[in-house]
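1. The following block contains a protein sequence and its predicted model.
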Amino acid sequence: AQSVTQLGSHVSVSEGALVLLRCNYSSSVPPYLFWYVQYPNQGLQLLLKYTSAATLVKGINGFEAEFKKSETSFHLTKPSAHMSDAAEYFCAVSLYSSASKIIFGSGTRLSIRP
Amino acid sequence: DAGVIQSPRHEVTEMGQEVTLRCKPISGHNSLFWYRQTMMRGLELLIYFNNNVPIDDSGMPEDRFSAKMPNASFSTLKIQPSEPRDSAVYFCASSQPRAKNIQYFGAGTRLSVL
């Protein structure tokens, strides 16, 4: 069965600093991988997705993620944090054969220090 | 498009009462998902529908929970009788036929059972 593990339930960075949110996946077949973002009192929205076309995936708001098969990782990065990036971030995985169902990680809350 | 619409946004009820949550998916989307989010358990998939048919309800906690999708534009999640441990934020999401694993979330219903 597929799963994702997000390392660190809470990450705090200074404004302008690098953002790195970690996600490792487990899957018996090449997976689809996603990052979703949830702002306070809102639903989740798609940040970016990996579908095997390219290992480096660019998303909205300057975020990107790199698929590393050898490390079974899909970490999310942003070169320079902005106050508006404060939110909860979820890594998620689905399989080609059952693409309707997505397995979400436990989430990482990102705080930005002025 | 207006996005996925959920109602009510907030619901406060007393233990033992029936609660009905409503969802209108994005027009043209044929998959609909109900999730529950709590601090303790994170984001849990309760049930999902394809073309109005329930496909996987293995996440429904117990018989007190039921979900219906009478047509392509409407779904309900009912809890009867409600209990304090049902307090959570309930999300509805939908996806389109050609991209089932990209889900669009509503703003959620925050349920408090006293």
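-> Perfect, I can see it now.
2. Could you list the residues in contact with the one helix or strand A:Lys49 maps to?
-> Assessed by DSSP states H and E, A:Lys49 sits inside strand A:44-50. If you take C-beta atoms under 8 Å, 6 or more residues apart in numbering or on different chains as the criterion, strand A:44-50 is touched by A:32-38, A:57-61, A:63-65, A:67, A:74, A:76, A:89-90, B:43, B:91, B:93, B:102-105. (Glycine included, C-beta is placed from N, CA and C.)
3. Looking at chain A, which residue is nearest chain B?
-> A:Gly43 (3.2 Å; C-beta to the nearest C-beta).
4. how far away is that residue from A:Ser27?
-> 25 Å (C-beta to C-beta, to the nearest Å).
5. Can you report how many residues neighbour A:Pro114?
-> 5 (other C-beta atoms under 10 Å in any protein chain shown).
6. From chain A, how far out is the residue in chain B sticking out farthest from the centre?
-> In chain B, B:Arg98 marks the outermost C-alpha relative to the chain mean, sitting 22.0 Å out by C-alpha atoms, centre = their mean. Per C-beta to the nearest C-beta, to the nearest Å, B:Arg98 is found 11 Å from chain A.
7. show me the contacts for B:Gln17.
-> So B:Gln17 contacts B:81-82, B:113 (C-beta under 8 Å, 6+ apart).
8. Could you measure from the residue in chain B positioned nearest to chain A over to A:Cys23?
-> Chain A sits closest to B:Phe105 of chain B, with a gap of 3.2 Å, by C-beta to the nearest C-beta. Here B:Phe105 is placed at a distance of 19 Å from A:Cys23 (C-beta to C-beta).
9. One more: A:Pro30?
-> A:Pro30 is 16 Å from A:Cys23, by C-beta to C-beta.
10. What of A:Lys78?
-> 14 Å.
11. Between these two, tell me which one has more neighbours.
-> A:Cys23 (24 against 20).
12. I figured the residue of chain A closest to chain B hits B:Gly108, correct?
-> Yes - taking C-beta atoms under 8 Å as the definition, A:Gly43 is a contact partner of B:Gly108 at 5.5 Å.
13. Mind listing the shared neighbours of those two?
-> Joint contacts of A:Gly43 and B:Gly108 (C-beta under 8 Å, 6+ apart) are B:Phe91.
14. The helix or strand hosting A:Phe90 - contacts with which helices or strands?
-> In this structure, A:Phe90 is located in strand A:87-95 according to DSSP H and E. Judged by 3 or more C-beta pairs under 8 Å, 6 or more residues apart in numbering or on different chains; DSSP states H and E, strand A:87-95 is in contact with strand A:3-7, strand A:19-26, strand A:31-38, strand A:73-78, strand A:103-104, strand A:108-113.
15. residues touching residue 55, list them.
-> Picked chain A for this. A:66-68.
16. was after chain B, sorry
-> So B:Ile55 contacts A:100, B:48-49 (C-beta under 8 Å, 6+ apart).
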